[in-house]
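Engineer: Test case, fold it:
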Amino acid sequence: MKKDGRPGPSAGVRYHRPKIKPPQLPAGNRLRVRSRYEKECVEYFEEMGIAYKYEPLIILAGRQYRPDFYLPDHDLFIEICGYNHMPFYADRVEQKRQLYACHGMKAVFIVHSGRGSIKDKLRGVLERGAD
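Structural biologist: Below is the predicted model of the structure:
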């Protein structure tokens, strides 16, 4: 059992954890991303001339994280959330929200289900700011 009460491997037992696949989808200037939503974000940032970093490595509370995007001119992290129908995914998103807030980091989580334009959502976020 894990600390949160969910089942997990027995103590001392190591399970093979598959590696996360590298980004495959071509986007922007020699960049590859993991999803169609991220590709649309890259296109928007480049169309608008917005400086961004894709999956920058950050360390919070001793763990490594790779947010989807960091916009240095806005000092803003952007996470694209497309699997919210999966309970474990929604839990992880909530943990990241709390972690970013605890460290005083500006972060926006864009929930996108494929309906509407992700570019419009990004535009709205950047016009409003990340408060």
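Engineer: Can you check which helix is longest in the chain?
Structural biologist: Taking DSSP state H as the criterion, the chain has its longest helix at helix 87-102.
Engineer: Given whatever helix or strand comes next after it, what are its sheet partners and their directions?
Structural biologist: Following helix 87-102 in sequence order, the next helix or strand is strand 107-111 (DSSP states H and E). Applying DSSP bridges, strand 107-111 is found paired with strand 76-81 (parallel).
Engineer: residue contacts, Arg30?
Structural biologist: If you count contacts by CB atoms under 8 Å, 6 or more residues apart in numbering, Arg30 has none. C-betas here are computed from N, CA, C, even on glycine.
Engineer: nope, Met105 is what I meant
Structural biologist: Residues in contact with Met105 (CB under 8 Å, 6+ apart) are Phe77.
Engineer: Which pLDDT does the model give it?
Structural biologist: Looking at Met105, its pLDDT is 94.
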